[in-house]
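Peer 1: coords below, sequence missing:
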């Protein structure tokens, strides 16, 4: 495998890892797989691309607005939808899942209606920089993506250790009922987890859309990849989503290269069935009821 | 009928992470007998019922019904003639009283994959399930349930208890496990449940009755099993039990902060 | 007379009005079905809409027993529909067997697959079934593209021979009649199963599985039966659609179709199997018909789903039914009052 391919693995892996980090935060805070995170990332990238191309906005402003929109969508999802539905259905698992799938669909269609249904190119943040490593070249955008990934993960890691809300989030993920009984602000921590996840995937969507472009339908695939990265990495540590993202990117690059294009999906299915059927307590300890 | 042993358990045990919730309990239930299971909170009463019914697997011990081994999930044990109610009513709140009782009445016909497929096909042809109506009506009358078209979510806790007992009776069990059926029921409800228990006892059913309420239990049961921290501390005549030193110790003793409700 | 008696819920063993309401429901929906057949007529575009609606309806009806009643969400339905379609494609091009054999084979294969996937996740919470079946859907789509010898790869299978009926070829209009009547029949059957002891047990298994177990019905087996039957119905939808179009490809039925199917009963109303059918019709109208002309139908649909989730959890049929009951009660009350006054 050529060295350039490895650069691509790292790039895709960092992106998957960031989306998986978003899943991780929401899972810790709300016991929910927020599949709408993929479309939030798409909305961030697509809105910025549209603002730059159609409205002539400068890159920085468009990017910041895109990220803020993604975070706002995440907060809105929690406040206006997941929370009331959770309250009505007594915290049932399926109703909230269906609610986020509905958000996924609605956000996708909203983006398609607002920004058009064609693929739009993203713009690199550092178009003139590149790092020459001899056998491979790392372009500026990839450098930025790797940097932002490391900053995001380190930031979340520090946040969950040092800050009040971060610590509560860890406690909530460990045992929701106990946390509630102890009078911890479970609801507010949930909201922070949603918002933070929105910010992170918004940033990820910005950075990744410069690689392959972004269309209103990109979000679904991104949501799936982020979910898989989390399945592979597990929820044992803050860094697990990044490991999962890199492994998934590696598999996505290697397996088709050696075994043909469809075998990757077979492998993923087999791994998932194995994991779920044989080790239900391994990866998702917190989803299994006592 | 009276006298033949229906249910027999020996050395039943269950631990949760080192705590022995049920510790070597042996019991025997005869046809036409009401066995009272009493003891303070945390004595292991509900856990014991779960072990009998299969809702939780036992760590140790054996269990037999009419001399045959009783194992497997609750559904298989129900087919051997076991029925139970739950400490907190387990009713489908969106369904009507009739439909909740129908679950008990129709379940034997839906046993196994063959029964399920037959039930599915029969449902498309005869949705009303009228062949179960006689059973449903009979148990509903016995428990004075009134309008069967009400949503269970609209009932009081006491009424929900009645529906749950009715559902268990509709299974036509030979062994009936009642887990605190009187909690939350009003005076009329308590009388109705007590009468229904006496009626099925007269038909040869064996009943295990769990309750905090020692007075109601004492007036209804033939024998009492007193549990404390997972072990049987008394097994015998209700009147003797009430007067026994063990009873005094369990409920009013030095170590216990538990007070009978 | 009728209005008075329908305001009260039926006590058991009062068959009179129950039977007449059931007859009314069956005949009323049959009349609507015939109306759709007449509406489609000879117009090709309308016929396309009708076939799409029928396929969506069978898909939603397939999900109704396991998902809406038993609360088990499988996302492999795109695969089941595709299996039904490819079964028709393979039987119709590689064998001389009559096409109904393909419907049967597709249904059996889908049901077996649904049971296997459900069995693999039987001890886990419902989320895992959703996750595994979703990944299966993705893998199956790759398989359709990859296994070129069987599925024709990206091109799919074309020029499938039409259905013959008593020796003669069934024309497109005749096939519309057949397809819509099948949808009607399945919907009637599913709605009757909903109210039957089996349906009651299924609904109880969603809310209080422990009670269903304790009553003597094994919940895992119950769920597997519902999943299998649902997959078979969805597969039939794919088979009929493929027969109508005489072609099938890997992009005909995708994972996003399942997303739509989840929302159909929500929109139409989960209280009755007919809610799934109504939802399917609305989805075809919004995401297909309106989308072509207005380009915003899908957005309207997405917003409608969110609105239903938030403020109208019983769906359109649920609220129509409630409004009808309310009106009937008002009418009977006002018609009774003067009589009571005269009596005094």
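Peer 2: Sure, I can see it. Note that the coordinates shown come from a computational prediction; the quantities given were computed from them, not determined experimentally.
Peer 1: residue boundaries of the strands in chain B?
Peer 2: Ranges of strands in chain B, per DSSP state E, are B:5-16, B:19-30, B:34-38, B:60-65, B:68-69, B:82-84, B:175-179, B:206-210, B:223-228, B:231-236.
Peer 1: next, format these as a markdown table and append distance to residue A:150.
Peer 2: Glycine gets a C-beta too; all of them are placed from N, C-alpha and C. Conversion of those to a markdown table gives the following (distance: least, C-beta to C-beta, whole Å):
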| stretch | distance to residue A:150 |
| --- | --- |
| strand B:5-16 | 43 |
| strand B:19-30 | 46 |
| strand B:34-38 | 61 |
| strand B:60-65 | 53 |
| strand B:68-69 | 61 |
| strand B:82-84 | 57 |
| strand B:175-179 | 56 |
| strand B:206-210 | 59 |
| strand B:223-228 | 59 |
| strand B:231-236 | 59 |
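Peer 1: the ones you listed: which one's closest to residue C:182?
Peer 2: When the strands of chain B are compared by C-beta to C-beta, strand B:82-84 sits nearest residue C:182, at 41.1 Å.
Peer 1: need the strands of chain B in CSV with mean neighbour count, mean pLDDT and distance to chain C, can you?
Peer 2: Formatted as CSV, these follow (neighbours: other C-beta atoms under 10 Å in any protein chain shown; pLDDT from 0 to 100; distance: least, C-beta to the nearest C-beta, whole Å):
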stretch, mean neighbour count, mean pLDDT, distance to chain C
strand B:5-16, 18, 90, 15
strand B:19-30, 19, 90, 17
strand B:34-38, 25, 91, 17
strand B:60-65, 17, 92, 14
strand B:68-69, 9, 90, 16
strand B:82-84, 28, 94, 5
strand B:175-179, 25, 94, 9
strand B:206-210, 25, 93, 14
strand B:223-228, 23, 90, 21
strand B:231-236, 17, 87, 24
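Peer 1: with residue B:6 as the reference, measure out to the residue nearest to the spatial centre of chain C.
Peer 2: Ranked by distance to the mean C-alpha position of chain C (C-alpha atoms, centre = their mean), the top residue is residue C:61 at 1.8 Å. Here the criterion is C-beta to C-beta, to the nearest Å. By it, residue C:61 lies 45 Å from residue B:6.
Peer 1: same check, this time on residue A:61
Peer 2: Distance, residue A:61 to residue B:6, by C-beta to C-beta: 80 Å.
Peer 1: would you mind measuring the gap between the ends of stretch A:209-217?
Peer 2: Terminal residues of stretch A:209-217 lie 12 Å apart, using C-alpha to C-alpha, to the nearest Å.
Peer 1: what about the strands in the chain?
Peer 2: You didn't say which chain, so I picked chain A. A:130-132, A:137-139.
Peer 1: not quite, I wanted chain C
Peer 2: C:164-165, C:168-169.
Peer 1: below-threshold pLDDT in the chain: ranges please.
Peer 2: Went with chain A since none was named. Across chain A, residues meeting the criterion (pLDDT under 70) sit at A:1, A:91-92, A:173-177, A:275-290.
Peer 1: my question was about chain C
Peer 2: C:1-20, C:125, C:292-295, C:333-344.
Peer 1: how about 50 then?
Peer 2: C:1-11, C:14, C:337-344 (pLDDT under 50).
Peer 1: which one of the strands of chain A is the most hemmed in?
Peer 2: Among the strands of chain A, ranked by average contacts under mean count of other C-beta atoms under 10 Å in any protein chain shown, first place goes to strand A:137-139 (a mean of 16).
Peer 1: what about the closest residue to chain B within the stretch 51-200 of chain A, how many residues nearby?
Peer 2: The minimum distance from the stretch 51-200 of chain A to chain B, using C-beta to the nearest C-beta, falls at residue A:90 (10.5 Å). As a burial measure, residue A:90 scores 7 neighbours (other C-beta atoms under 10 Å in any protein chain shown).
Peer 1: if I look at it, how far off is residue A:65?
Peer 2: Taking C-beta to C-beta, one finds residue A:90 at 38 Å from residue A:65.
Peer 1: around chain C, which positions in the stretch 101-250 of chain B sit nearby?
Peer 2: B:102-113, B:116-117, B:119-120, B:122-130, B:132-133, B:136-137, B:147-150, B:167, B:171 (C-beta under 8 Å from any C-beta of the partner chain).
Peer 1: what's stretch B:117-134 in contact with?
Peer 2: With contact meaning C-beta atoms under 8 Å, 6 or more residues apart in numbering or on different chains, stretch B:117-134 is reached by B:102, B:105-106, B:109-110, B:170, C:12-13, C:15, C:18, C:22, C:189-190, C:192-201, C:225, C:229.
Peer 1: list buried residues within those.
Peer 2: With burial judged by 16 or more other C-beta atoms under 10 Å in any protein chain shown, the buried subset of the contacts of stretch B:117-134 is B:102, B:105-106, B:109-110, B:170, C:12, C:18, C:22, C:189-190, C:192-201, C:225, C:229.
Peer 1: what's the burial count for residue C:227?
Peer 2: Count around residue C:227 with other C-beta under 10 Å applied: 30.
Peer 1: leaving aside the residues next to it on the chain, what's closest to the residue of the stretch 201-344 of chain C found nearest chain A?
Peer 2: Of all residues in the stretch 201-344 of chain C, residue C:302 sits closest to chain A, at 3.4 Å by C-beta to the nearest C-beta. Nearest residue to residue C:302 in three dimensions, chain neighbours excluded: residue A:106, at 3.4 Å (C-beta to C-beta, 6 or more residues apart in numbering or on different chains).
Peer 1: whatever residue of the stretch 151-290 of chain A ends up closest to chain C: what's it in contact with?
Peer 2: Nearest residue of the stretch 151-290 of chain A to chain C (C-beta to the nearest C-beta) works out as residue A:262 at 3.3 Å. When contacts are counted by C-beta under 8 Å, 6+ apart, residue A:262 is found next to C:139, C:142-143, C:145-147.
Peer 1: rerun at 10 Å
Peer 2: A:255-256, C:139-147 (C-beta atoms under 10 Å, 6 or more residues apart in numbering or on different chains).
Peer 1: the longest helix anywhere in chain B vs strand B:175-179, what angle?
Peer 2: Under DSSP state H, the helix in chain B containing the largest number of residues is helix B:187-202. Here helix B:187-202 runs at an angle of 160 degrees relative to strand B:175-179 (axes from the mean of the first three to the mean of the last three C-alpha atoms, to 10 degrees).
Peer 1: buried stuff in helix B:187-202?
Peer 2: Using 16+ other C-beta under 10 Å as the test for burial, helix B:187-202 gives B:189-190, B:192-194, B:196-197, B:200-201.
Peer 1: for stretch A:83-96, same thing?
Peer 2: Residues A:83, A:85-86, A:92-96 are the ones in stretch A:83-96 that count as buried (16+ other C-beta under 10 Å).
Peer 1: what parts of the stretch 51-200 of chain B come near chain A?
Peer 2: For the stretch 51-200 of chain B, no residue is in contact with chain A (C-beta under 10 Å from any C-beta of the partner chain).
Peer 1: now do the helices in the stretch 51-200 of chain B.
Peer 2: Using DSSP state H, counting those that start in this stretch, the helices of the stretch 51-200 of chain B run over B:74-79, B:97-106, B:112-125, B:133-142, B:157-170, B:187-202.
Peer 1: quick one: the shortest one to chain centroid distance?
Peer 2: Put simply, helix B:74-79 sits 13 Å off its chain's centre (C-alpha atoms, centre = their mean, to the nearest Å).
Peer 1: just the closest residue of the stretch 101-250 of chain B to chain A, please.
Peer 2: As assessed by C-beta to the nearest C-beta, chain A sits closest to residue B:153 within the stretch 101-250 of chain B, at 12.0 Å.
Peer 1: isn't that residue right next to residue B:92, touching?
Peer 2: Yes: applying C-beta atoms under 10 Å, one finds residue B:153 in contact with residue B:92, separated by 8.9 Å.
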